[in-house]
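Participant: Turn this into a model:
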Amino acid sequence: MLKDKKAFIFFFLMTVIFLDFARQLKKISFNSIIENINNPVFQIVHVNNSGGAFGIFENSALILAILGLVAVSYITGYVFKHVCFSDKLVLLSSTLFCAGTLGNVIERLKYGYVIDYIKLNFVDFPVFNSYDIMICVGIIIYFVYIVLSYKKGEYDSN
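Facilitator: Numbers count the residues shown, from 1 in each chain. The predicted structure follows:
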């Protein structure tokens, strides 16, 4: 059942490390020194987001937390059953996605909302947080893995 013990341990430990890193980054971001950052690129703000991406499912913290836990459970099971340590891109993308999703789930369960704090000044875009960045980067890395595997003829959708 366990495809590769080393891969699963790596996935678990790196998820915890990335999750803690993002939590520490948020603490630093709200430090009075960094809070005053306001430049043409970005600024640190404080927004309580009671919805999901782009504000969908407003005031549905419990439903979004449950969906997040389902996604993390599925990906954890997938890594446990199918991923080898040599599948570095899959491990990295799964780790980033799960850490980001767990971070948002923890905040939703703890506060009833997610604290977003990165505002881009050069484009009209919703405020986001480091957990959102990890989710998006994880998805992008997995997409790159699929494209590279497909080109090599190795892609397996299992």
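Participant: Apart from its chain neighbours, what residue comes closest to the most centrally placed residue in the chain?
Facilitator: When C-alpha atoms, centre = their mean is applied to the chain, the residue found nearest the centroid is G100 (2.3 Å). Distances taken as C-beta to C-beta, 6 or more residues apart in numbering put M134 closest to G100, at 3.3 Å, once the chain neighbours are dropped. No exception for glycine: its C-beta is placed from N, CA and C like everyone else's.
Participant: Same question for D132.
Facilitator: Per C-beta to C-beta, 6+ apart, closest to D132 is G100, 6.6 Å.
Participant: what helix or strand is that neighbour on?
Facilitator: Element membership for G100, per DSSP states H and E: helix 88-111.
Participant: and the next element down the chain from that helix?
Facilitator: strand 114-120.
Participant: Could you list the buried residues of that next one?
Facilitator: V114, I115, D116, Y117, I118, K119 (16 or more other C-beta atoms under 10 Å).
Participant: Any regions of this protein where pLDDT drops low?
Facilitator: Counting by pLDDT under 70, the ranges of the chain that qualify are 1-2, 29-38, 54-55, 154-158.
Participant: Let me see the ranges of the strands in it.
Facilitator: 42-49, 114-120 (DSSP state E).
Participant: The shortest one to helix 88-111, inter-axis angle?
Facilitator: Yep, that's strand 114-120 we're talking about. Relative orientation of strand 114-120 versus helix 88-111 (axes from the mean of the first three to the mean of the last three C-alpha atoms, to 10 degrees): 120 degrees.
Participant: was I right about I118 contacting F128?
Facilitator: Yes. If you go by C-beta atoms under 8 Å, I118 and F128 touch, sitting 5.4 Å apart.
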